[in-house]
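Dropping the sequence and predicted coords here.
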Amino acid sequence: MAALFALAAVGRAAVLPDDRADLLWHDWQGGGVTVDGPSILVRKSVNDSLSFAANYYVDMISSASVDVLSTASPYKEKRTQGSISADYLHGSTTYSLGFIQSHEPDYRANTGFFSVSQSMFGDLTTISFGYTRGWDKVGEDSYLNGRYADGGRITTWVGDADHRNWQASISQILTRNLLMSLNVETDESDGYLQSPYRTARYIDPEGLVQTEAQVTPNTRTGNAASLQLKYYLPWHAALDGNYRLYHDTWGILAHTIGAGYTQPISTSWTLNGTARYYKQGAATFYGDLFPFEDSQNFMSRDRELAQYHDLTLGLGASWQFHPSWPRWIEKGTLNFSYNRMHIAYNDFHNYTVGGGTEGVPLYAYDANVTQFFISLWY
Amino acid sequence: MFANLPRTFRLGLAASVAAMLLSACSIQPWVKPYEREHLADPIMSFDRNPVSDVYLDHVFEVREGARGATGSVGGGCGCN
């Protein structure tokens, strides 16, 4: 939810974000999981130097994922998230302060953040620093008879996780047509960092596949650096590109590369297309099938820690309108966005297909990600 | 006090402080305000649709091992 509170865009003098309201409906269908729900953001300035924002976000989850089918029964649950923030502009400096609260039956998260942003060199350059602190409470749900359908949810709180996060960024006007943004971020987490629902698989002395609880380190430090470029094309279009490098102390090395093209086709209609490729190496303690029980100090078959890649292609359309009523609305946009995501794992097999260890295919799936949203400026 | 900060962040901090010190020199903007018409066009915004961008960041964050440095300032999502 962080970017809801992104600071003043480059290319403009230090100003507060626009007063606007956004109502979005999101829908994910993929990997046996459906997640949909609304997101509502309202931002309003009190005067030229103080602005407030509030967001309410919901994920309604219906899951029969490959993990769930392997070790548990399908379930439904709801995650809600609320956040508030304030931005204060003083001269060329913007100070931001906010709080985010997330609630799931088996997970609670409270996050506070502060950032400062300074515009300089005649507003050619904007430098930002941010600090975020998070406190999570991790639980594990179980059900009567072990089946969600039978109801009787019982949540057992299994641990806490703390997060400290530092961000720094430089946004730079390079030419009259080119913008650049450089970002670095460090995230330190400690506590209960694993999913209580994921297991490790091993071969027992009889040659049969068994499962045991996964064990991950209780600290993790990740570093990320990214470069974003945006170029204005002479026929009134925009081309953008970005690259991100990520590495953490669990041994994951990841590359993300993306590109986008935005083309207004009339005064009302704007179309855009995006492509994004992501690739990561496995964590050092990840294994699809361990040779025997407790064969390592740390063992995990969490597929977010596996070696895999994904490709996401997106299309979007936006229609701008100027309503005659109510008069306090300056303009609005109706927007549609569709993304198709393909994820393919290199060392995570789909054990829900077939049995044993022979002839089991690697896991891969496609997802459809759809968004409808309306934005109003006032 | 800076010794306790993560190394990557220290590097970013040092680069940013250097830029701030440079600002004390009278560097003239090489792209004048009246030359920023293209840059001020809404299609050149890095966060034209903040709610949608944040949602997609969330989609990737919960399914990928990497996170951060998306150009935004603030908190992440606490969720499993």
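Done, it's in. All figures in this text were calculated on a predicted structure; none of them were measured in a lab.

where does chain B dip in pLDDT?
Applying pLDDT under 70 to chain B flags the ranges B:1-6, B:8-9, B:11-12, B:16-17, B:19-27, B:72-80.

ok, the helix or strand where residue A:221 lies: who's next to it in the sheet?
Assigned by DSSP states H and E, residue A:221 falls within strand A:219-233. With DSSP bridges as the test, strand A:219-233 is paired with strand A:178-191 (antiparallel), strand A:237-248 (antiparallel).

Distance check, residue A:309 against chain B.
Between residue A:309 and chain B the computed distance is 10 Å (CB to the nearest CB, to the nearest Å). Heads up, the C-betas are built off the backbone N, CA and C, glycines and all.

Surely that residue is in contact with residue A:278?
Yes - contact between residue A:309 and residue A:278 holds when scored by CB atoms under 8 Å: they sit 6.3 Å apart.

if you count what's nearby, which of the two comes out ahead?
Between residue A:309 and residue A:278, counting by other CB atoms under 10 Å in any protein chain shown, residue A:278 is the more crowded of the two (23 against 16).

Which pLDDT does the model give the more buried one?
Note on residue A:278: pLDDT of 98.

Check residue A:121 too.
87.

tell me, how many neighbours does it end up with?
19.

quick one on the thing from earlier: would you point to the one among the strands paired with strand A:219-233 that's packed deepest?
strand A:178-191 (a mean of 21; mean count of other CB atoms under 10 Å in any protein chain shown).

Just give me how far that one sits from the chain centre.
Relative to its chain's centre, strand A:178-191 lies at 14 Å (CA atoms, centre = their mean, to the nearest Å).

Now do the contacts for the residue nearest to residue B:29 when sequence neighbours are not counted.
Spatially, and ignoring its direct neighbours in sequence, residue B:29 is nearest to residue A:122 (3.3 Å; CB to CB, 6 or more residues apart in numbering or on different chains). By CB atoms under 8 Å, 6 or more residues apart in numbering or on different chains, the contact set of residue A:122 is B:28-29, B:33.

now, which of those residues sits nearest chain A?
residue B:29 (3.3 Å; CB to the nearest CB).

Next, count neighbours for that closest one.
Residue B:29: 15 surrounding residues under other CB under 10 Å.

Residue A:157 reaches residue A:107, doesn't it?
No - contact criterion CB under 8 Å: residue A:157 and residue A:107 do not qualify, at 9.9 Å.

Now for those two: what residues contact both?
With CB under 8 Å, 6+ apart, residue A:157 and residue A:107 have common neighbours A:137-139.

Out of those residues, which is nearest to residue A:209?
residue A:138 (27.1 Å; CB to CB).

looking at the sheet around that closest one, what are its partners?
Beta-bridge partners of residue A:138, counted by DSSP bridges, are residue A:107, residue A:159.

Now do the contacts for it.
Residue A:138 makes contact with A:106-107, A:157-161, A:191-192, A:196, B:80 under the criterion CB under 8 Å, 6+ apart.

In contact with residue 31, which residues?
I'll assume chain A. Taking CB under 8 Å, 6+ apart, one finds A:65-66, A:343, A:365, A:367 in contact with residue A:31.

meant chain B actually
Residue B:31 neighbours (CB under 8 Å, 6+ apart): A:124, A:173, A:175-176, B:39.

which of those has the most neighbours?
residue A:173 leads those on contacts (other CB under 10 Å) with 24 neighbours.

quick one on the thing from earlier: show me the subset of the contacts of residue A:31 that also lies near chain B.
residue A:343 (CB under 8 Å from any CB of the partner chain).

Helices of the chain, residue ranges please.
All of this refers to chain A. Using DSSP state H, the helices of chain A run over residues A:66-71.

nope, chain B
Using DSSP H, helices in chain B cover B:7-24, B:50-61.

Give me the distance between residue A:328 and residue A:44.
Taking CB to CB, to the nearest Å as the measure, residue A:328 and residue A:44 are separated by 12 Å.

neighbour count winner among the two?
residue A:44 (13 against 8).

Quick check: chain neighbours aside, which residue is closest to that one?
residue A:19 (5.3 Å).

Next up, phi/psi of the one you found, please.
Torsion angles at residue A:19 (phi, psi; degrees, to the nearest 10) stand at phi -70, psi 120.

unless I'm mixing things up, it is touching residue A:377, no?
Yes - using CB under 8 Å, residue A:19 is in contact with residue A:377, at 6.7 Å.

before we move on, the earlier item: dump the contacts of residue A:31 to a markdown table, plus neighbour count.
Formatted as a markdown table, the contacts of residue A:31 follow (neighbours: other CB atoms under 10 Å in any protein chain shown):
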| residue | neighbour count |
| --- | --- |
| A:65 | 19 |
| A:66 | 20 |
| A:343 | 20 |
| A:365 | 17 |
| A:367 | 19 |
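
okay, and for chain A, where does confidence drop off?
A:1-13, A:71-72, A:145-147, A:149-150, A:353-357.

Swap in 50 and give it another go.
Applying pLDDT under 50 to chain A flags the ranges A:1-12.

hmm, what's the outermost residue in it?
Distance from the centre of chain A peaks at residue A:206, with 42.2 Å (CA atoms, centre = their mean).

Quick check: beta-bridge partners of residue A:100?
Residues in beta-bridge contact with residue A:100 (DSSP bridges): residue A:83, residue A:111.

what separates it from residue A:39, distance-wise?
Taken as CB to CB, the span from residue A:100 to residue A:39 is 13 Å.

In terms of neighbours, single out the busier of these two.
residue A:100 (27 against 24).

OK, contacts around residue A:90?
Going by CB under 8 Å, 6+ apart, the list of residues near residue A:90 reads residue A:49.

count of residues packed around the residue of the stretch 51-200 of chain A found nearest chain B?
Using CB to the nearest CB, residue A:109 is the residue of the stretch 51-200 of chain A that sits closest to chain B, at 2.2 Å. Number of residues near residue A:109 (other CB under 10 Å) recorded here: 24.
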